[in-house]
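**Student:** I would like to see how this sequence folds:
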Amino acid sequence: MRITTGKIFALLLALALFAMMAACFSPWEGDEPEMGTVIISLGGGAGRFTYPPDTTMQADLIHVISFNSTAGNHDDITITGLPFSQSVHLAPGSWTISVVAYENQTALITPEPYANGEVTVNVVANTNTRAPIQMYPVFTGPDPVWVTSGNTTTGYASLDDALDAIDLAGPGDYTVWLTNDQTIAGGPLAEYSIPAGTSITLRAQSEVRISRSTGKLFTMTDSNATLILTDNIILTRPGGFPGDDSLIGVLGGKFIMQGGKITGNAPPNTSGGGVFVSVGGTFTMSGGEIFGNTVGTATNGQNGGGVYVNSGTFTMTGGAIFDNTASNYGGGVFVNKRLGGVFIKEDGGTIYGENASVGVRNWADGDSTPQPGGAASDNLNLSPPGHAVCAAAATYTNPSSMSNYIEFWNRNVSAEENTDMDSDVSGPGGGWQ
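**Tutor:** Below is the predicted model of the structure:
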């Protein structure tokens, strides 16, 4: 068959027209859209506590990663063992990435889920995005409280039962998981004191409340007793009960606040509505919130609506203290240097809002005579790097030490505004006293 020049021209023209039409109907104006890279990892932050320390068991876990987004689709990924870090390429947009860990029991048709977690990330084209996923255990059974120690996890009908079991088990590290609200038995004789040599970490996947009508919720009286509070745990009073004591008593032990909330306490005869630190105890706050606590009455002056440091150390590296009230001094925090109270403010953490106190006083070094003061305080906002503090003759560290009161009233005060202020300033200690 002879192919003429005209036929070749017609064929080339048809191919060109087809290419033009394909370009017109293509969903992309050029190449396919550029993708972003997401690096998925487990065990970031607190998630690692979900897994047993037994490395053999970790190696047998099967992880199924799934993806959900309106920006596109991605097939599930299955990975065996820990630790792992998986990189995936995803279209730009918001993605929810879920992980379920299964026990690798080949004899079972459907393996049992061991833990799960998810995170939502915003994927940007040509950008690496890290997605550490905090894993939570999957509990099977009706019990609302579970205690993990080593490779053993046991369910209990209540938090009271779980704490009793920890007492009987003896010293060790325990993680208490809560799946619903819990009320601790009332009465000062029933206050739970964490045993010597014992560390208890409180965890929950979604918000739960631990409450008690009277007395403290937890106390630490031994130097080797530790309580760790994490996200989603709310320590409070039940509705209709103002409380008659601090919510947490750090009386020689250690309280570490990584997250969670301490709120809703209003003892009329006690200082330190949220946390009371004494007998050389240590309170470290790196996250969470202390707010909405009130101490004292119009006729009964009390100090430290949020935190009272009587003789011990309060170190603040993160979190927030706000909207607390004291009928006497220190709506947010009261620190008593004369009895050994120490406050250390590192970068991170803020004290702001209506941390109100009624009275005012300002002591110079060696002078124990309160100076007159007036109206209720307003706001004190300590932002990194905190150079200013309202502390009741307390020791303040970072970056400079101030042993006097520094007090402000009826104004918002930031760290930058007070870097060069000396300690001869009087006024009510709303944020700090």
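**Student:** only C-alpha atoms for contact and neighbour calcs from this point on.
**Tutor:** Will do.
**Student:** what helix or strand does A162 sit in?
**Tutor:** If you go by DSSP states H and E, A162 is part of helix 159-169.
**Student:** Please enumerate residues in contact with that helix?
**Tutor:** 145-147, 155-156, 174, 176, 182-185, 195 (CA atoms under 8 Å, 6 or more residues apart in numbering).
**Student:** pLDDT at N324, what is it?
**Tutor:** pLDDT for N324: 89.
**Student:** how much space between the residue nearest to I62 when sequence neighbours are not counted and Y102?
**Tutor:** Leaving aside its chain neighbours, I62 sits nearest to T80 (4.4 Å; criterion: CA to CA, 6 or more residues apart in numbering). Distance, T80 to Y102, using CA to CA, to the nearest Å: 9 Å.
**Student:** So for those two, which residue has more residues nearby?
**Tutor:** Shown here are T80 and Y102; by other CA atoms under 10 Å, Y102 has more neighbours (20 against 17).
**Student:** residues in contact with that one?
**Tutor:** 61-63, 111-115.
**Student:** and it, that's in a helix?
**Tutor:** No. Assigned with DSSP: H, G, I helix; E, B strand; the rest coil, Y102 falls outside any helix and is strand.
**Student:** low-scoring stretches of the stretch 151-300 of the chain, by residue?
**Tutor:** Applying pLDDT under 70 to the stretch 151-300 of the chain picks out residues 186-190.
**Student:** If we use 90, what do you get?
**Tutor:** Within the stretch 151-300 of the chain, the ranges that satisfy pLDDT under 90 run 151-153, 184-192, 205-206, 213-215, 238-244, 279-280, 297-300.
**Student:** ok, the residue nearest to I62 - contacts?
**Tutor:** Taking CA under 8 Å, 6+ apart, we find T80 in contact with 59-63.
**Student:** which one of these is nearest F218?
**Tutor:** Within the contacts of T80, proximity to F218 (CA to CA) peaks at L61, which comes in at 35.6 Å.
**Student:** if we can go back for a sec, which among the contacts of T80 count as buried?
**Tutor:** Neighbour counting by 16 or more other CA atoms under 10 Å classes 60-63 among those as buried.
**Student:** thinking again about what came up before, any idea which of the contacts of Y102 is least confident?
**Tutor:** Among those, P111 has the weakest pLDDT, 72.
**Student:** Could you look up the SS state of that one?
**Tutor:** Three-state assignment for P111 (three-state DSSP): coil.
**Student:** okay, now it: neighbour count?
**Tutor:** Neighbours of P111 under the rule other CA under 10 Å: 14.
**Student:** does it really touch E103, like I thought?
**Tutor:** Yes. The pair formed by P111 and E103 meets the contact definition of CA atoms under 8 Å, at 6.0 Å.
**Student:** so who does G288 touch?
**Tutor:** Contacts of G288 by CA under 8 Å, 6+ apart are 230-231, 257-261, 318-320.
**Student:** The residues you listed, buried ones only, as a PyMOL selection?
**Tutor:** Per 16+ other CA under 10 Å, the buried members of the contacts of G288 correspond to this PyMOL selection:
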select buried, resi 230+231+257+258+259+260+261+318+319+320
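**Student:** What is the nearest of the contacts of G288 to V277?
**Tutor:** Of all those, V277 sits closest to M257, with 13.4 Å by CA to CA.
**Student:** quick one: the closest one from N265, how far?
**Tutor:** Note on M257: its distance to N265, by CA to CA, is 17 Å.
**Student:** same check, this time on V295
**Tutor:** Relative to N265, and taking CA to CA, V295 is found at 8 Å.
**Student:** And those two? Which one has more around it.
**Tutor:** Counted by other CA under 10 Å, V295 and N265 do not tie: V295 has more neighbours, with 34 against 29.
**Student:** got a list of what the more buried one touches?
**Tutor:** V295 touches 266-273, 302-305, 325-327, counting by CA under 8 Å, 6+ apart.
**Student:** please redo it, this time with the cut-off set to 10 Å
**Tutor:** 242-246, 265-274, 301-306, 324-329, 331, 357 (CA atoms under 10 Å, 6 or more residues apart in numbering).
**Student:** ditto for Y174
**Tutor:** Y174 neighbours (CA under 10 Å, 6+ apart): 147-150, 153, 166, 198-202, 227.
**Student:** List only buried entries from the residues you listed.
**Tutor:** Buried, going by 16+ other CA under 10 Å: 147-149, 153, 166, 198-202, 227, out of the contacts of Y174.
**Student:** Nearest to D347, out of the residues you listed: which one, please.
**Tutor:** L227 (23.1 Å).
**Student:** Give the bridge partners for the closest one, please.
**Tutor:** For L227, the beta-bridge partners are I200, F255 (DSSP bridges).
**Student:** That one: what's it in contact with?
**Tutor:** Neighbouring residues of L227 by CA under 10 Å, 6+ apart: 174, 194, 198-202, 218-220, 248, 250, 253-257, 283.
**Student:** Then N310?
**Tutor:** Contacts of N310 by CA under 10 Å, 6+ apart are 251, 271-272, 276-281, 304, 334-342, 394.
**Student:** Neighbours of T154, how many?
**Tutor:** Neighbours of T154 using other CA under 10 Å come to 14.
**Student:** Show me what the host helix or strand of it is packed against.
**Tutor:** Assessed by DSSP H and E, T154 sits inside strand 152-156. Packing partners of strand 152-156 (3 or more CA pairs under 10 Å, 6 or more residues apart in numbering; DSSP states H and E): strand 145-149, helix 159-169, strand 172-178.
**Student:** For Q134, find the nearest of those.
**Tutor:** Per CA to CA, nearest to Q134 of these: strand 172-178, 14.3 Å.
**Student:** Buried ones in the closest one, by neighbour count?
**Tutor:** The neighbour-count check on strand 172-178 (16+ other CA under 10 Å) flags 174-178 as buried.
**Student:** tilt between that strand and strand 145-149?
**Tutor:** 150 degrees (axes from the mean of the first three to the mean of the last three CA atoms, to 10 degrees).
**Student:** sorry, back to before: for ChimeraX, write the select line for the buried members of the contacts of N310.
**Tutor:** Selecting only the buried entries of the contacts of N310 in ChimeraX, with 16+ other CA under 10 Å as the criterion:
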select :251,271,272,276,277,278,279,280,281,304,334,335,336,337,340,341,342,394
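**Student:** Against D173, how distant is I248?
**Tutor:** 20 Å.
**Student:** same check, this time on W95
**Tutor:** 36 Å.
**Student:** one step back: overlap in contacts of V295 and N265?
**Tutor:** Common neighbours of V295 and N265 (CA under 10 Å, 6+ apart) are 242-246, 272-274, 305-306, 324.
**Student:** got the phi/psi numbers for the closest residue to A157 other than its chain neighbours?
**Tutor:** Nearest residue to A157, sequence neighbours excluded (CA to CA, 6+ apart): D143, at 5.1 Å. Backbone geometry at D143, expressed as degrees, to the nearest 10, gives phi -70, psi 140.
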